[in-house]
Structures are given as C-alpha cells and as structure tokens.
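Visitor: Compute the structure for the input listed below.
(3 chains)
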Amino acid sequence: MFLLADNVWLDALLRMTIVAVLVPVGVILLTWVERKVIGRLQQRLGPMHVGPFGLLQGIADTIKLMTKEDVRPDSADRPTFELAVFVIVVPVFMAAVAIPFTADIFVRNMALGLFYFLAVSSLGIVGFVMAGWGSDNKYALLGGVRAGAQLISYEIPLILSAVAVAMLGQSLSLYTLVELQDNTPFIAYQPLAFVIFIIAGLAELYRQPFDIPVAESEVVGGPTVEYSGIRWSMFQMAEFVSLVLISALASLLFLGGWVWPFGADNATWLQVVLMVVKTSAFILFFMWMRVSVPRLRIDQLMALCWQILLPFAFLQIIINGLVLVYDWPSWTLTILSGAAAIAMGAIIYRVARRSGVLYQTSGAAEQVGLVL
Amino acid sequence: MTYEEALFYVIAAITVAGALGVVTARNVIHSALFLILALLGVAAVYVLLASEFLAIVQVLVYGGAVTILILFAMMLTRVRDIEGPLDGPQRPFAALAATVFLGTTVLAVTQTEWRGETDEATVVTIEQIGEALFSTWAMPFEIASLLLMVALIGAIVLARGEEGE
Amino acid sequence: MIPIDNFLVLSAILFSLGMYGVLARRNAVLILMSVELMLQAVVINFVAFAVYLDPETFTGIIFGIFVIVIAAAEVGLALAIILRLFRNRQISNVDEADLLKW
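Guide: Prediction:
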C-alpha cells in the first residue's frame, strides 16, 4: 500500500476525499445508465434530448433538484426530519471505506473489513424510520416502519451468507478473501450462499421486487414523500451508492474480485478492468431485475426472508462447518451447496406457483406438453 | 497531549452529551436519538481501547437492531400523544443519588493504585478472542445462545396477542 | 497512550447518568434506555480492565461480549412486555402499573 502523503492521518483524509468526490460523479453517471437500460428493456429509448444520447440528463436532473425549494411540513419534527437524511447517507460512505477496488486502490485495508461493512450499512436503517416518523404523514410512517422491518429482516441472511464465505476463507479481511480465490472463485464452492446474498442484497437496496416501502403506487413514495429538492436527491444517491457497494462486495466475495481468472500478480489496469466488468455485471443484473419481476407484497416478502432464506443460510453455515471440521475435499462443498440451492429454488417456485404470482404463459408450453 | 488523548476527550464529550440528552430530553423520540449517539460514542471508545471487534459488534447489535426496536416500541405505544412532564416527582432525589454515586466512584477510581501496566493498551486480536470463546468459554457461549432463543420465543409470544386477535 | 483513569471516569459518569435516568423518568421505554446506558458503562469498565491490566487472559472482553448479547435479549423481551402492558391497559407510565400494590 503506497501512502499518498507522509502522515498517516493526511493519507487517510486524502483517500476519503477522493472517494467523497468521485462517488457523486459516479452516481450521476449511474442514473443515466439506469434510465437508458430500463428504457431499452422496456422497448423504449430512454433520455435522448439532453446532450448526445441523453448523457447530460444526470447533470440536468441534479441542477434541477438543487434549485428546487426546500419544502418542509409544518408539523414535522424538525431535528428528526432533517437529520434523517444524514443518518441514511453517512453510513453508506463509511461503508465505502472498507471496500478494496484493486490490490492497490483502496481507502483502508482493514483486518475486519467485511464485518465492518455489514455493521456500518445497518446503521442507515435508523434513518428510514426517522424519516418516516419525522414527516408526520401516515403514509410516510407506514412506509418507514415497513422499510425498517424489511431492512432488518433481510440483513440477517445477508450477514449469514457473508459469514459462510468468511468461514471458507478463514478471514474477515476482504483483501485476504479475494487473494484466496486464485484458482476458483467462491461461487463454485458456495452457490447457495451466492443466491442468498443476491436476493438479500436486492432486498437491502429496496429495489424491485422488494421495494414496497418506497413504491409510488403503494405508499406514495413511503418515507421520502415529504422531502423535496436536494434532500430527496440524497436518498437517491444513498440508494445508488449502496447499489455499487453491494455489487462490488458480491464480485469480491463470490466472483474473485481482481484476482480471478488471471492470478494475483497482474497489472493494475487489468485488475481495474476485471473489477469494473464484474461490478457492472451485477449492477446490470439488479437493474434487469427491477423491470422484470413483479413487486412482492409485504407479507410475502417477510415470509420469503424468515421462512426460506434464513433456514437455508443456516444450512449453508452448517455445511461449511461440516466440511471444514471433518476435512472433506472441496468438491463435496460444491455438491452439497448446489443441492441445497436447487432445493431452495424449487421451494420458492412451488410457493410462488401456489400463491399465483407467476404470470400466465402464452399457451405455447401447454401445446408442447410441458407442465409449468 | 497526544493525538489519542485529544481524540478521547472529544469522543467522551460526545458520549456524555448523548447520555445527558437521553435523561433530560423533553421529547421521547429525541431521547432515542440521543441514545443512538451515546451508543455510537461508546463504540468509538472501544476502538480507543484497541478492541475493534467489540466496537463493530456494538455498532451492529446496538446501532442496527436495538435502536430500531426502541423506535418501533415508541411508535407502537403512541408516545406522540403523551402530554405532561416525562419526569417523575422524585427528580431531585434522583439527582442527589446520582451525584453522590458519581463522586464516590470517581474518588475510588482515581485514588486506587491499579496493579499492572496502566499506560499501555495491548491489542487483542480476533483470533485470540475466537479461540477463547470456543475453548475456555464454550459453556457460557452455549448458554448465551440458549438464552437468546428463549428471549426470541418469549418476545414473539408476548407481542403476538391472543388467538383471534 | 491514554491512562486507564480516563476510561474509568467516563464509565462512572455514564453509569451515574443512567442511574439518574432510571430513578427520574416515568415512561417505561425511557427507563429501559437508561438501563442500557448503565450496561454500556459497565462494559467499558470491563474492557478497560481487561486491556490494560489483564492482557493474557482477556476475561473482560469476553464478558463484554456476553453483556452485549444479554442486554440485547433483555431489551427485546422488555419491549415485548411493555407492548403487552400498553395493549391491555393503555398506559406507558410505570407509576400507573400498580395493580399489585397493596
């Protein structure tokens, strides 16, 4: 790790400043990417007028939001209402400190990096409850309480699946976990943990199909309904930064980060390219999920977490424990975890089918003789 | 004054301010928010004590879970509609008791000669904690997990309501 | 480095503030929060002693972990009891929960 300055404190400050400046720029770009991708997936063009291919749309939106009037409801509890935004945004940036982007580009290489990331990102949940309560609005309160319940419920499978990977790598440091994926990424050993991490991560980002607390047609925007202008854009920024961080974490933990498949000693530009490709793959997958899957109801959401994801996360930890203690070879891990992942998929499919969530097919499958 | 001492005074001031806010705020939700501040300040104190594992556990358990529990409980018991003072009639006696206790403890603590090194904080790594937790302290660990399960089942049964509600 | 007295005095201040809160406040949830403050002070004490005076067998840190775990369980259960009390009798001040008084 090379120091940017001589003093350790100054070096940390410089790195954090770079992160704090680059991240909003990245978020503006990401809003443009999302609107284009969602537009294309919905067979329309997305923003096209502002700048070439609508590239300046993000900047235009930011200028619009910054010049809007800051409306505040009269009976809102003023400190709670105003502090809620900070309580949501600051933990996201605190969590960004722990993610190494390549072998040399990181803010701090912590020995407990994974644990720190998961703990700090759970601080933002309080901000949603504060926003819901401080708005003095029934729909905001409903959305805020639902958001709080959803986020603390889905935190558990997220943490458990990350703990399963940490058990495999025998370390909580993200750097070490990536360096261990020299030959095979952890997704080959832990498909169940991967699936649970992706589903729980999607729920932690309150994106579709888990966005009932902030959905427009459900609770009129939920806890963010009374916020306007720059405060509202802070909510969006926190959501996009969390999206990038969860995608980066998934590509570090499961796809081998900057190490796989070329090994640990490749050039920096190759490491950057690998990380960008893997993170972008996850980001595009999450955006794809947003437009393809219908929204789950709040009780279906809770049932999915507590009745399906949580037992399977425990099962993954038990499998890891058995394989590590009895010193079975690694391919047993793949077989057991893969079998459990297929079982979980089958259970989710049957539950979805019985509750009628699946779409009606066009009839072609029945003509061929397939029973779906 | 070294870096660490200056940082300690800042963090201690924030924590004590949070604790003061908990016991003297007029609005109940503000008390809960001050409690979050105090809990996070205590997590920073753990980092100063060179036990970062405990600091992250504190942030995760208290900041992520207990504060949300308390906020939900406040919302469900409709504290916004409570009129009247939040403090009971024994406030001056409480202040007296707390002051006397504080004076006695501070005197006892600063006048005692502690055995051992009182100026160096040694770092305890997470591997050591893990080994101790599963070898020497395995029995309390299992009992703690049993206790958590009992608390979980008890809380669900208590908060769920009677049949048909 | 920081002398141990600083941490012990901070712990004493937090504990006495928590004690004041338990004795002076009337709302049940507020009393619970003051008890949490007292538990935090106790854990700071344990950890400080373990790190400064007893680094080989760091009993204080293990004890601190257990206190955090048990405090979290206690908060959950106490809040469930408070919720049940509120649902049955519509009160949230501990002064009014006096059915067992003679």
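Visitor: The closest residue to residue A:117 other than its chain neighbours: neighbouring residues, count only.
Guide: The spatially closest residue to residue A:117, leaving aside those adjacent along the chain, is residue A:98, at 4.6 Å (Cβ to Cβ, 6 or more residues apart in numbering or on different chains). Any C-beta I mention is one placed from the backbone N, CA and C, and that applies to glycine too. Neighbourhood size, residue A:98 [other Cβ atoms under 10 Å in any protein chain shown]: 25.
Visitor: How many neighbouring residues does residue B:2 have?
Guide: When neighbours are defined as other Cβ under 10 Å, residue B:2 has 9 of them.
Visitor: Which residue, neighbours along the chain excluded, lies closest to it?
Guide: residue C:1 (7.5 Å).
Visitor: For residue A:171, see how far away residue A:118 is.
Guide: Counting by Cβ to Cβ, to the nearest Å, the separation of residue A:118 from residue A:171 is 15 Å.
Visitor: isn't the residue nearest to residue B:2 right up against residue B:8?
Guide: No: the pair residue C:1 and residue B:8 does not pass the contact test of Cβ atoms under 8 Å, sitting 9.9 Å apart.
Visitor: Just the buried residues of the top helix by length along chain A, please?
Guide: In chain A, with assignment by DSSP state H, the single longest helix is helix A:8-41. Buried residues in helix A:8-41, counted by 16 or more other Cβ atoms under 10 Å in any protein chain shown: A:11-12, A:15-16, A:19, A:23, A:27-28, A:30-37, A:39.
Visitor: Averaged pLDDT, that helix. What do you get?
Guide: Across helix A:8-41, pLDDT averages out at 84.
Visitor: For chain A, give the residue positioned nearest to chain B.
Guide: Nearest residue of chain A to chain B (Cβ to the nearest Cβ) works out as residue A:122 at 3.2 Å.
Visitor: Name all residues that make contact with the spatially closest residue to that residue that is not a sequence neighbour.
Guide: Nearest non-adjacent residue to residue A:122, counting by Cβ to Cβ, 6+ apart: residue B:64, 3.2 Å away. Contacts for residue B:64 were tallied using Cβ atoms under 8 Å, 6 or more residues apart in numbering or on different chains; they are A:119, A:122, A:123, A:125, A:152, A:155.
Visitor: For the helix or strand containing residue A:165, what is the distance to the chain centroid?
Guide: In the assignment (DSSP states H and E), residue A:165 maps to helix A:138-169. A distance of 11 Å separates the centroid of the chain from that of helix A:138-169, by Cα atoms, centre = their mean, to the nearest Å.
Visitor: try stretch A:309-324
Guide: Using Cα atoms, centre = their mean, the mean C-alpha position of stretch A:309-324 is found 22 Å from that of the whole chain.
Visitor: So which residues make contact with it?
Guide: Outside of stretch A:309-324, the residues within contact range by Cβ under 8 Å, 6+ apart are A:154, A:156-157, A:160-161, A:163-164, A:167-168, A:190, A:192-193, A:196, A:199-200, A:328, A:330, A:332-333, A:336-337, A:340, A:343-344.
Visitor: Report the buried members of those residues.
Guide: By 16+ other Cβ under 10 Å, those give A:154, A:156-157, A:160-161, A:163-164, A:167-168, A:190, A:192-193, A:196, A:199-200, A:333, A:336-337, A:340, A:344 as buried.
Visitor: For the contacts of residue B:64, which two are the farthest from each other?
Guide: A:119 and A:152 (13.0 Å; Cβ to Cβ).
Visitor: Which one of these two is surrounded by more residues?
Guide: residue A:119 (26 against 18).
Visitor: can you pull the contacts of that one?
Guide: Applying Cβ under 8 Å, 6+ apart to residue A:119 gives the contacts B:56, B:57, B:59, B:60, B:63, B:64.
Visitor: Mind giving me the packing neighbours of the longest helix of chain A?
Guide: helix A:57-66, helix A:78-96, helix A:230-253, helix A:268-292 (3 or more Cβ pairs under 8 Å, 6 or more residues apart in numbering or on different chains; DSSP states H and E).
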